[in-house]
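**Student:** I would like to see how this sequence folds:
(one chain, ligands or ions: 1)
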Amino acid sequence: MRLACDCGAVIEADNAEKFVARAQAHALETHSMRFSADQILALAAGDGRHGTTFRSARPDHEPPA
Ligand SMILES: [Zn+2]
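**Tutor:** Purely as a prediction, here's the structure:
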């Protein structure tokens, strides 16, 4: 699984569990955004409903300015 964040980081893992953990860690550490596993997987699937990157998604909490 692979997701390119709009900050330039690429999150990759060979299974969903690792992928979700890495993506959540990146979103939290780099963007101060929390995502559920479902949100991460929706982003990776590119279903469009949640955007295709962390910043275009709608997190539960707005990131700090
Ligand atoms: Zn990022």
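
**Student:** In this protein, mark out all the strands, start to finish.
**Tutor:** Under the criterion DSSP state E, the chain contains strands at 2-4, 10-12.

**Student:** And the last one, how far out from the chain middle?
**Tutor:** Averaging C-alpha positions (C-alpha atoms, centre = their mean, to the nearest Å) puts strand 10-12 10 Å from its chain's average.

**Student:** Show me what counts as buried in that strand.
**Tutor:** I11 (16 or more other C-beta atoms under 10 Å). The way it works is simple: take the backbone N, C-alpha and C, and place the C-beta from them, glycine included.

**Student:** Kindly report the same for the first one.
**Tutor:** Of the residues in strand 2-4, those buried under the neighbour-count criterion (16+ other C-beta under 10 Å) are L3.

**Student:** Output the contacting helices and strands for it.
**Tutor:** strand 10-12, helix 37-45 (3 or more C-beta pairs under 8 Å, 6 or more residues apart in numbering; DSSP states H and E).

**Student:** Just give me the lowest mean pLDDT stretch among the ones you listed.
**Tutor:** Mean pLDDT is lowest for helix 37-45 among the helices and strands packed on strand 2-4, at a mean of 87.

**Student:** Mind checking if it is in reach of the ion?
**Tutor:** No - applying C-beta under 5 Å from the ion, one finds helix 37-45 out of contact with the ion, separated by at least 11.3 Å.

**Student:** helices and strands around that helix, which ones?
**Tutor:** Applying 3+ C-beta pairs under 8 Å, 6+ apart, one finds that helix 37-45 contacts strand 2-4, helix 16-31.

**Student:** among the ones you listed, which is nearest D38?
**Tutor:** Closest approach to D38 among those (C-beta to C-beta): helix 16-31, 9.2 Å.

**Student:** Sounds good, over and out.
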